[in-house]
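In: this one's structure only:
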């Protein structure tokens, strides 16, 4: 069964929670931004806020008021992005990933997801 | 080196890429997710068409363009992939084409797409046949004449029709040579010559082929392209220029100018169109249309952004005015042209064109015989069959409408300038291999000093080291680590022991310790080959630790200092440092050097080289390609447990979880105590939603990191529990904690902080 957006959200949430404090802080200090994910699923819109602006960061339901960037994406693409089958750039170029706000932050998306989701090691 | 980019039959011989390419062809049948490769191969085949023309031209072979194109796509994956790679940067871009939901290779094979092509062409012919005044497509006078004209043109290939093409390309070549000379880039004359020769032949063959086969159908396709581009420039010249541009890339693939922006941008746009064509509804809207239509659409849409065209104009100053005018006019048209006005404009332009072409002598250097032939033909069409023309226009209008619909979504894209800015930034970032989140190895003191474990029994009793020991597979991982630590402590200059120790620590899921060990190995190695091995290992460790630029540095040193490959890499035209963006393009540089190395020894499947490529592609976020490399590597060294793990990790990082588990199983059969593989299996289980299994694998890994309670060395040892807890790795605990959260066991998640697996005993099997 393919993963759903909720599976990925859960992985992000638990991944952030499990990250050692110093790594979380390092991630925040590199990112310093609030990301909103607006994922279109078969049952509607799922919105989550990844706050990597200060302290140790947080991941929560719903959309923050003034995110630096909002990423709108369909569920299958979001799953593919999180699983490494796609990257943000390709999705963006293909019109499958829409960005509102600071577009340059979109470039950090892949890297952030990689940090939050443990990677297989060579 | 000369034949690397020279193209022609040398490439299609298929021996150039050897192992890597063999893998490409073989692996496809094993992969479940074929779509990316499918489309990638399509591109590869498409680009290699130019170079493979010689074969197509062999008399008596029933090879129309479509057939040729698709036959390669469907079956000759090796050369197709080879083609892609021979393009260097182009290949890289091509491979980066996203998963578009294109047909998998099997689908192509099952439903030979050339049948669709043929059907498409046949369909066109039928449409011509329906044209008032025509009895059948082939019997229809103008089409017959058309056909004749093309045949005639083909017959005069040497004498006449090629002259236009050739002069065009000659010009182009000359300009490029000049450009290169002035920018100080060295051109390999042999390569150049060979390329020219190959192109000449390919060009001839190509044209002949068109003429022989569906000259008319192709011509109508071509006419449509004219429409799409609303082109008041000489369209034949445009096509020639296009071909010239593409072929030129083959020649110029080492030219930084190309790689830097224009072509990459062009490819990006192409890729974007791809999404439109395949990912959107093109196929649905034009059901019988196969590759031909997408190619046509691509061609047409490529022109849209105008950047490429104007870029091109910049390159060939002789043609600049003409083209520049076209580009700007076209982009003007693009934004506000309604359906009707576009068609109207096209009509108008067609008239202008005819006036130009038939009214006066061709004054441009590109005015060529072939173009004149075509123009004459159009005259005939005008004079003899006005009804046909309007009907043609009707079709063109329809086609245009479809085209507009297909590109409509592009209008909703972010504003052009912003989009391009972002594309540029992304490109730069990709060139630097920098996602802004990598780490610098130099600032991590952990990597400088190897963390020896305290209370090593072998240090207390060094004689035990030389005592008869059980073979490797019967000794525990931790025991072997202790042994090697003792060896290097007794002789810190023992590079081999350092290297092995590093590898053991990688096996043990401790990359920081591995990095320190490999660095020590490198500082005591004199032998070039051993140093190379250590560099590859170090690059792997850096990659795992997300020290991307350090990993790139090691890979680059490995390839440039390699006793054999280094020379191959060195023969490449020097990369001028003047261009900062390209100088930063470490990935392209290293990739090219490695691919050249693959080509330098086509009959050798070098597991080291494949491993380095695999690491490289993991670094660049192209794990799909890494999978192919590691498959090649395990084929060469099937008993190498580390290679099986790397294959598995690449599969997992590209989302192929079940296949990843297969590879991991191989690794575990070879090394049951392989901690890293247990960790990786755990991660893969998380991705498969099997959280409980994940926890068990992670706990097993943690248990394996603890000193072996029953091992022989334990007789000497009385390790305090504190050592036990520091022996385990943070990454394992982080993953375990995440898994406990996924299992909704916050109580156990909290206990991960204790670093004590005892807390999990009884809850999980491990």
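Out: On my side now, so go ahead. Model, not experiment: these values are computed from the prediction.
In: Quick one: low-confidence residue ranges for chain A.
Out: By pLDDT under 70, the weakly predicted segments of chain A are A:1-2.
In: again with chain B
Out: For chain B, applying pLDDT under 70 flags the ranges B:1-390, B:403-439, B:441-443, B:467-474, B:568-584, B:708-726.
In: can I see the domain layout of it?
Out: Chain B breaks down by the TED database into domains covering B:1-26+B:640-710+B:726-765, B:239-276.
In: ok now the helix or strand where residue A:92 lies, how far from the chain's centre?
Out: Mapping residue A:92 onto the secondary structure by DSSP states H and E places it in helix A:88-93. Here the centre of helix A:88-93 is set off from its chain's centre by 14 Å, with CA atoms, centre = their mean, to the nearest Å.
In: Who does residue A:101 form a beta bridge with?
Out: As for beta bridges, residue A:101 partners with residue A:69 under DSSP bridges.
In: you'd agree it is up against residue A:69?
Out: Yes - with contact defined as CB atoms under 8 Å, residue A:101 reaches residue A:69; the gap is 3.9 Å. Quick note: C-beta positions are derived from backbone N, CA and C, even for glycine.
In: Tell me which of the two has more neighbours.
Out: residue A:69 (20 against 17; other CB atoms under 10 Å in any protein chain shown).
In: What count of nearby residues applies to residue B:459?
Out: Around residue B:459 there are 18 residues (other CB under 10 Å).
In: Next: residue B:391.
Out: Applying other CB under 10 Å, we find 18 residues neighbouring residue B:391.
In: likewise the one 3 residues further on?
Out: Burial of residue B:394, expressed as a neighbour count using other CB under 10 Å, amounts to 11.
In: what residues are up against it?
Out: Contacts for residue B:394 (CB atoms under 8 Å, 6 or more residues apart in numbering or on different chains) come out as none.
In: which helices and strands sit right next to the longest helix anywhere in chain A?
Out: Longest among the helix segments of chain A by residue count, using DSSP state H, is helix A:5-18. Helix A:5-18 is packed against strand A:33-41, strand A:44-52, strand A:58-61, helix A:75-82, helix A:109-116, helix B:730-742, with contacts defined by 3 or more CB pairs under 8 Å, 6 or more residues apart in numbering or on different chains; DSSP states H and E.
In: Can you say which of the ones you listed is nearest to residue B:543?
Out: Closest approach to residue B:543 among these is made by helix A:109-116 (11.9 Å; CB to CB).
In: sorry, back to before: tell me how far the longest helix of chain A lies from the chain's centre.
Out: Mean C-alpha position of helix A:5-18 versus that of the full chain (CA atoms, centre = their mean) differs by 10 Å.
In: Would you mark the buried spots in that helix?
Out: Using 16 or more other CB atoms under 10 Å in any protein chain shown as the test for burial, helix A:5-18 gives A:5, A:7-18.
In: Pick out the most distant pair among those residues.
Out: Comparing all pairs in the buried residues of helix A:5-18 by CB to CB, the longest separation belongs to A:5 and A:18, at 19.9 Å.
In: Any chance of JSON lines for the helices and strands packed on helix A:5-18, columns mean neighbour count?
Out: Shown next, in JSON lines, are these (neighbours: other CB atoms under 10 Å in any protein chain shown):
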{"stretch": "strand A:33-41", "mean neighbour count": "20"}
{"stretch": "strand A:44-52", "mean neighbour count": "19"}
{"stretch": "strand A:58-61", "mean neighbour count": "15"}
{"stretch": "helix A:75-82", "mean neighbour count": "22"}
{"stretch": "helix A:109-116", "mean neighbour count": "22"}
{"stretch": "helix B:730-742", "mean neighbour count": "24"}
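In: Perfect, I'm done here.
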